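A.B. asks: Can you look at this prediction? I've put the sequence above it.
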Amino acid sequence: MKLENLKKIETGMYKTPIHKLENLSKKYGINIYIKRDDMTGYACGGNKLRKLDYLLKDALDHDCTVLLTYGGPQTNHGRLTAAVAARFGLKCGIIMDGPAPEKATGNLILDKMMGADLFFMDDTSFRNESSEVRKSKYKELVKKTTDEVVSMYKKQNEKVYLIPIGGSSPVGAAGYVTAAGEIKDQLEEMNIKMDYVFTGFGSVGTYGGLYLGAKYFDAGFTPVGISVAHKDKEEMQEKVELIEETNKFLELGVNVSADDMWIEDGYVGISYNVPDPVTREYMYMMAREEAIILDPCYTGKVFRGMIEMIQKRLISKDKNVMLLHTGGIPGIFSEGHENAMQGELWGNKQVEFKL
Ligand SMILES: Cc1ncc(COP(=O)(O)O)c(C=O)c1O
């Protein structure tokens, strides 16, 4: 299906703004811009609405009545799937890595406010197994839970549309292929030549879409993916395959090569979604300098990566750089992250800012 023929329903508010970060540009001696996909308009915003534009259209074309997806308990993608379902009169189910936390915080509160059904998969019995056993038992559990949830909805006369984790299917990734075109148009209007656009690298639809879109639209910038989780070789291979699949599915005819993908994995912090003091330093610095709120799981890491890469001269100062703000702000108010911030910003043990 050619990209031009793939239909979508706009679930967010576009174009999202691009603006210069004046204080940070002065501080680091390089032109730093930001693209505000945290301002996509609904349920605290974020990147996933662009993917859901295409996924929702596909779901409705298949007469589906339930959007069923996956994620960790603080999935931003789950929250925005719930938002789309609420607005377009569908049901939303989110299958989450479990067990269910005792208290709903952050995204979980918002999911419930928007009426999503949450299903937790208790994986505690095999969490300490070797990574191979864990992976295969996890796959089995996902399949079993999905079958149960789908048959539950069937009994209610509903039809389920399955959305993979992060909305990162070739259909979903189309959202960031077209976002690259949007960025190109905006930069032309602003008369700016952009060299690098930094984004999170998770389930890969965002980076992959931008990588393809930047080439397809000849947008002139190189996307840089900052990994938000440690990934093994096999996982990286799967991610590149998704980019290749998207290229084929959308008939983009782009030359896809792992050699020209710029992906850095040195800024993950402790681990995926584990509170990390260095990432928080960068979040605090962005808040103090520019009044832009980043999140602890994705955009804080991307911002850190961008600044440290400038400082290491991996990016030279005569280049223009842009941070893609992909949202995720409710994660600040999830239990682990909020507790860590309480310890640093409140009471008598407040930290001294280093950056
Ligand atoms: C706020 C935020 N930023 C970035 C990402 C990474 O995007 P992707 O999964 O498309 O790689 C996610 C994914 O969950 C996210 O929620």
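C.D. replies: All right, it came through fine.

A.B. asks: low pLDDT regions in the stretch 151-300 of the chain?
C.D. replies: Applying pLDDT under 70 to the stretch 151-300 of the chain picks out no residues at all.

A.B. asks: and the stretch 51-200 of the chain, which of its residues are near the ligand?
C.D. replies: Applying CB under 6 Å from any ligand atom, we find that the stretch 51-200 of the chain lies next to the ligand at N76, H77, G166, S168, G200. Just so you know, the C-beta spots here come from the backbone N, C-alpha and C atoms, and that holds for glycine as well.

A.B. asks: Tell me who's in contact with the first one.
C.D. replies: N76 sits next to G46, N47, K48, N107, Y298, G327, G328, P330, G331 when contact means CB atoms under 8 Å, 6 or more residues apart in numbering.

A.B. asks: Count the residues that sit near the fourth one.
C.D. replies: N107 is flanked by 28 other residues according to other CB atoms under 10 Å.

A.B. asks: buried residues in the helix or strand harbouring V224?
C.D. replies: Here V224 sits within strand 222-227, counting by DSSP states H and E. Neighbour counts over strand 222-227 (16 or more other CB atoms under 10 Å) mark T222, P223, V224, G225, I226, S227 as buried.

A.B. asks: Then stretch 256-265?
C.D. replies: By 16+ other CB under 10 Å, the buried positions in stretch 256-265 come out as V256, M261, W262, I263, E264.

A.B. asks: Quick one: list the elements packing against the one helix or strand E189 maps to.
C.D. replies: Using DSSP H and E, E189 sits in helix 170-190. Packing partners of helix 170-190 (3 or more CB pairs under 8 Å, 6 or more residues apart in numbering; DSSP states H and E): strand 18-20, helix 48-61, helix 205-216, helix 233-249.

A.B. asks: Specify the angle between it and helix 205-216 in degrees.
C.D. replies: Here the directions of helix 170-190 and helix 205-216 differ by 60 degrees (axes from the mean of the first three to the mean of the last three CA atoms, to 10 degrees).

A.B. asks: Just after helix 170-190, pick out the following helix or strand.
C.D. replies: Next along from helix 170-190, by DSSP H and E: strand 196-201.

A.B. asks: Report the strands that pair with that next one, each with its relative direction.
C.D. replies: Sheet pairing for strand 196-201, assigned by DSSP bridges, gives strand 222-227 (parallel), strand 320-325 (parallel).

A.B. asks: Now distance to the ligand too, for these, in TSV please.
C.D. replies: Formatted as TSV, these follow (distance: least, CB to the nearest ligand atom, whole Å):
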stretch	distance to the ligand
strand 222-227	8
strand 320-325	8
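
A.B. asks: In the lengthiest helix in the chain, which residues are buried?
C.D. replies: Counting residues, the longest helix in the chain under DSSP state H turns out to be helix 131-155. For helix 131-155, burial by neighbour count (16+ other CB under 10 Å) applies to Y138, L141, V142, T145, T146, V149, V150, Y153.

A.B. asks: domain assignment for this protein?
C.D. replies: Residue ranges for each domain of the chain read 3-46+170-349, 48-167, as given by automatic domain parsing.

A.B. asks: For F249, which non-adjacent residue is spatially closest?
C.D. replies: Nearest residue to F249 in three dimensions, chain neighbours excluded: P170, at 3.8 Å (CB to CB, 6 or more residues apart in numbering).
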